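# No letters, just coordinates:
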């Protein structure tokens, strides 16, 4: 997958469970305003089948139409970053006000996040009273991934964040068995999300993948 974003373009990246590479076309200073949507917020802001967004990249106007194109022009003309952020925030609040929450989905997402991705679909069935098939369709429609795949993403990101915050704390030994069945499961999942083995990943340059967890 390849996507080139122009200057001042607003890009929407769907939820993903495959590796992705972010790079600059020219080796020159650049700046970006990044907004990470929670699954609970994303389905209310972007009211469409989220399986169509998963593992894909779009210009925002391709998803939201004319209003997004106008937004892009207004942001491009705003001089300071604070003004740009305020404009985006106002736009998103307006989108959010046009939608209603899905209590069952919100509950399931929170259960997965609170368990750090360790809750099973069987347990979700028991807690909600809905079948695995019903939950699967609900998640694919509004999250973009199945409950099982979404749990895998949450589980991996819990592990990855710990490493980013403290990379010298026994990356390959500590906490592996908290999130994964065994070492083989860990390596398989690691390659699934990064495209590299753990050792190759540690040796690679990946500053963009770390900036969201610093501070």
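Yes, it's here. What you see is a predicted model; the values in this text were computed from it and never measured.

# where does the chain dip in pLDDT?
Scanning the chain with the threshold set as pLDDT under 70 gives 1-5, 21-28, 30, 167-175, 205-215.

# those strands in it, which residues are they?
Remark: strands assigned in the chain by DSSP state E are 11-13, 57-59.

# Domains of the chain: list them as residue ranges, please.
Following automatic domain parsing, the chain resolves into domains at 11-96, 103-213.

# JSON lines for those domains, including mean neighbour count?
(C-beta placed from N, C-alpha, C; glycine too.) Putting the domains of the chain into JSON lines (neighbours: other CB atoms under 10 Å) gives the following:
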{"stretch": "domain 11-96", "mean neighbour count": "14"}
{"stretch": "domain 103-213", "mean neighbour count": "16"}
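
# Can you say which of the strands of the chain is nearest to residue 122?
Among the strands of the chain, the nearest to residue 122 by CB to CB is strand 11-13 (31.2 Å).

# Just checking: what are the partner strands of that closest one?
Paired neighbours of strand 11-13 in the sheet (DSSP bridges): strand 57-59 (antiparallel).

# Return the distance of the partner strand from the chain's centre.
Counting by CA atoms, centre = their mean, to the nearest Å, strand 57-59 is centred 14 Å from the centre of its parent chain.

# Please dump the strands of the chain into a markdown table; it should also carry distance to residue 153 for every row.
Output for these, formatted as a markdown table (distance: least, CB to CB, whole Å):
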| stretch | distance to residue 153 |
| --- | --- |
| strand 11-13 | 14 |
| strand 57-59 | 17 |
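
# Out of these, which is closest to residue 88?
Residue 88 sits nearest to strand 11-13 of all the strands of the chain, at 12.3 Å, using CB to CB.

# how far does the closest one sit from the chain's center?
With CA atoms, centre = their mean, you get 11 Å for strand 11-13.

# What separation is there between residue 38 and residue 48?
17 Å (CB to CB, to the nearest Å).

# Run through who's touching the longest helix seen in the chain.
The residue-count maximum for a helix in the chain (DSSP state H) belongs to helix 147-165. Residues outside helix 147-165 that contact it (CB atoms under 8 Å, 6 or more residues apart in numbering) are 15-17, 39, 108-109, 112-113, 116-119, 121, 124, 132, 135-136, 139, 143, 145, 169, 171, 175-176, 178-180, 189-190, 192-193, 209-210, 213-214.

# Identify those among the residues you listed that sit within helices.
Members of the contacts of helix 147-165 lying in helices (criterion: DSSP H): 39, 108-109, 112-113, 121, 124, 132, 135-136, 139, 176, 178-179, 189-190, 192-193.
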